[in-house]
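Enquirer: With the sequence up front, the predicted model follows.
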Amino acid sequence: MKLLNVSYDPTRELWKELNQAFIPVYEKESGQTITIDQSHGSSGSQARSIIDGLEADVATLSIWTDTDALRKNGLLKDNWENTFENRSLPYTSTVVFVVRKGNPKGIKDWSDLVKPGIAVITPNPKTSGNGRLSLLGAWGSVVLNGGTEEQATEFIKKLYLNAPNLDTGARGATMTFAQKGIGDVHITMESEAYLEVKESKGELELVYPPVSILHEPHVAVVDKNVETKGTRAAAEAYLKFLYTKEGQEIIAKHYYRPTDPEIAQKVAEQFQPIKLFLITDLVPSWEEAQAKFFADGGIFDKIYSKQ
């Protein structure tokens, strides 16, 4: 039996280890041999690929609206978020900064990103979940600190004026910053930041802003595909494995925030303190966030097209 996990950009290393742990457990319990293929790319593009016919058994995308787009196209059942524990969230994350050794530009907070002469690396919010969360983190840093929406709009306009290029996905932005040496600061997912800093051998440093957005990457079995392929039992067992102690410890090892309270407490010291806000602190829902900020003619298009 073969499963296909279609995921977002920076989760390659996480799923590789989870797959290696799950396969022998499943084979022992079921008596069936299983292989798991991984597909990675920007979250929006991956959702489109599934809609266009990529036969994913599970979708482990970055943004709620990307996964819910599968439901709108008849691939997921209604109320899919309630299929697994904790609203189908085996882990969470957030958005942080990576800077050059010694933090020569003194970057500590979102407000530092719009200063003249700061080159910001961030992926395109039209295609990337990381990109969307980065924009929303910047927006929230203004409106949740007493600023108006007009001030927040001007703030993100300045932010993207400081962005020399917008890669389509999170891993591409990492390569631009870490390998090509472009930019002063990289706005990225917490897990990707730890990997990036580790691989830099001291050339990069992690900076936590005082406040950022909570990242909630839901997981889902692609109902239409597993029914056609006869893989539902394996696909469900695969995603349920994420909630086991072993699965949660692997998740924490890769610097995603486990949702099991016991494991979360056990690894709490590896995550720096940061005030996290929800998407619903900015707008009523992810669907409304997508329409307001990222749809054609939305806030991002308006501020970016005028540059």
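Expert: Sure, I can see it. Numbering: from 1, shown residues only.

Enquirer: who's residue 4 bridged to?
Expert: With DSSP bridges applied, the residues forming beta bridges to residue 4 are residue 37.

Enquirer: That one contacts residue 56, doesn't it?
Expert: Yes - contact between residue 4 and residue 56 holds when scored by C-beta atoms under 8 Å: they sit 5.2 Å apart. Using the backbone N, CA and C atoms, a C-beta is placed for each residue, glycine as well.

Enquirer: The two: which has the busier surroundings?
Expert: For residue 4 versus residue 56, the count of surrounding residues by other C-beta atoms under 10 Å is larger for residue 56: 27 against 21.

Enquirer: Could you tell me how many residues sit around the residue lying closest to that one once chain neighbours are set aside?
Expert: Take residue 56 and drop its neighbours on the chain: the residue closest to it by C-beta to C-beta, 6 or more residues apart in numbering is residue 6, 3.8 Å away. Burial of residue 6, expressed as a neighbour count using other C-beta under 10 Å, amounts to 25.

Enquirer: returning to what we had before: now list whatever residues contact both of residue 4 and residue 56.
Expert: Common neighbours of residue 4 and residue 56, counting by C-beta atoms under 8 Å, 6 or more residues apart in numbering, are residue 39.

Enquirer: For residue 168, give its distance to residue 296.
Expert: Computed as C-beta to C-beta, to the nearest Å, the residue 168 to residue 296 distance reads 17 Å.

Enquirer: Then residue 158?
Expert: For residue 158 relative to residue 296 (C-beta to C-beta), the value is 23 Å.

Enquirer: neighbour count winner among the two?
Expert: Neighbours per residue, other C-beta under 10 Å: of residue 158 and residue 296, the larger number sits with residue 158, 17 against 8.

Enquirer: Correct me if wrong: that one contacts residue 114.
Expert: Yes - using C-beta under 8 Å, residue 158 makes contact with residue 114 at a distance of 3.9 Å.

Enquirer: where does the stretch 51-200 of the chain dip in pLDDT?
Expert: Within the stretch 51-200 of the chain, no stretch has pLDDT under 70.

Enquirer: Oops, could you answer that again for the stretch 201-307 of the chain instead?
Expert: Flagging of the stretch 201-307 of the chain using pLDDT under 70 yields the residue ranges 306-307.

Enquirer: A helix includes the residue nearest to residue 56, no?
Expert: No - remark: residue 6 does not belong to a helix; assigned using DSSP: H, G, I helix; E, B strand; the rest coil, it is strand.

Enquirer: Now do the contacts for it.
Expert: With contact set as C-beta under 8 Å, 6+ apart, residue 6 has these partners: 39, 46, 49-50, 54, 56, 58-61.

Enquirer: if you set the cut-off to 7 Å instead, what comes out?
Expert: By C-beta atoms under 7 Å, 6 or more residues apart in numbering, the contact list for residue 6 reads 39, 46, 49-50, 54, 56, 59.

Enquirer: What are the boundaries of the strands in the chain?
Expert: Secondary structure of the chain (DSSP state E): strands located at 2-8, 35-41, 58-60, 91-100, 120-121, 185-189, 204-207, 211-215, 220-221, 257-258, 275-277.

Enquirer: closest one to residue 78 among these?
Expert: Taking C-beta to C-beta, strand 220-221 is the member of these nearest to residue 78, at 12.1 Å.

Enquirer: leaving aside the residues next to it on the chain, what's closest to the residue most central in space within the chain?
Expert: In the chain, the C-alpha closest to the average C-alpha coordinate belongs to residue 62, at a distance of 4.2 Å (C-alpha atoms, centre = their mean). Leaving aside its chain neighbours, residue 62 sits nearest to residue 129 (2.7 Å; criterion: C-beta to C-beta, 6+ apart).
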